[in-house]
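K.L.:
what's the 3D shape of this:
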Amino acid sequence: MENINKKSLVKSPNWVGSFIRQKREEKGFSQKELGQKFEPAVTTQFVSNLERGITPVPANHIQSLVRNLDLNEPELMALMEKEYAAKLTHKIAGQGAVQIGRENAPAVLVVARQDEEFFKWVIQSFNNLSDVDRAQFKGQIKNWFELSLKRA
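P.N.:
As a prediction, the model looks like this:
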């Protein structure tokens with residue numbers, strides 16, 4: 001099950017911080033250099049905390065990140081929303097659930113602990129299907145859920 005991100009099973013996601021770090025490194029900035037580009041300037045520790053997911057991105061710093069890292073603002077905002085939703089789900093689910101997600105992908109599935117092995121098997125099996133079989137599988141699952149919801 002090499003495609004399952006083991007870290008995501010025990011820790012809430014840090015997609016935004018990883019994204020910021022990747023973009024900073026692509027630009028060739030140190031954390032200190034990026035911090036000095038903010039208005040007003042922020043500390044190296046602040047940038048480090050953003051990248052490690054310790055500090056969420058404050059609204060007043062979004063424009064500095066967009067401008068200095070040449071980011072697509074809607075893309076950053078969407079990623080922030082996905083991470084927030086995943087973290088909220090993680091907090092609500094608490095100890096009774098685990099997160100299953102792929103490395104470097106913002107898709108997270110939160111399931112009850114007793115269903116963990118089954119869902120890991122489903123994900124592994126799904127990843128081994130051909131594109132045609134995946135599409136067929138998705139259609140069957142969608143139809144099944146629609147029927148189930150109509151009966152409920």
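
K.L.:
lowest-pLDDT helix or strand in the chain?
P.N.:
None of the helices or strands of the chain scores lower by mean pLDDT, DSSP states H and E than strand 97-100, at a mean of 54.

K.L.:
against Q124, how distant is the closest residue to R21 other than its chain neighbours?
P.N.:
Sequence neighbours aside, E51 is the residue nearest to R21 in space, at 4.2 Å (criterion: Cβ to Cβ, 6 or more residues apart in numbering). All C-beta spots, glycine's among them, are computed from the backbone N, C-alpha and C. Going from E51 to Q124 by Cβ to Cβ, to the nearest Å gives 31 Å.

K.L.:
can you show me the strands along the protein?
P.N.:
With DSSP state E, the ranges of strands along the chain come out as 97-100, 109-112.

K.L.:
just to revisit the earlier point, give me the more crowded residue out of E51 and Q124.
P.N.:
More crowded of E51 and Q124, by other Cβ atoms under 10 Å: E51, with 21 against 13.

K.L.:
could you measure from that one over to K138?
P.N.:
Going from E51 to K138 by Cβ to Cβ gives 35 Å.

K.L.:
ok, now R67?
P.N.:
40 Å.

K.L.:
same check, this time on I123
P.N.:
The gap separating I123 from K138 is 13 Å, by Cβ to Cβ.

K.L.:
with neighbour numbers in mind, choose between these two.
P.N.:
Taking other Cβ under 10 Å, I123 and K138 do not tie; I123 has more neighbours (17 against 12).

K.L.:
that one and K87: what is the separation?
P.N.:
Noted for I123: a distance of 21 Å to K87, by Cβ to Cβ.

K.L.:
quick one: L69 and F118, what's the gap?
P.N.:
Distance, L69 to F118, using Cβ to Cβ: 41 Å.

K.L.:
the more surrounded of those two?
P.N.:
Taking neighbours as other Cβ under 10 Å, L69 and F118 compare with L69 leading, 18 against 11.

K.L.:
how many residues are close by the closest residue to that one other than its chain neighbours?
P.N.:
Closest residue to L69 apart from its sequence neighbours, by Cβ to Cβ, 6+ apart: K23 at 4.2 Å. Other residues lying near K23 total 17 when counted by other Cβ under 10 Å.

K.L.:
hang on, K23 packs against L71?
P.N.:
Yes: with contact defined as Cβ atoms under 8 Å, K23 counts as touching L71 (6.3 Å).
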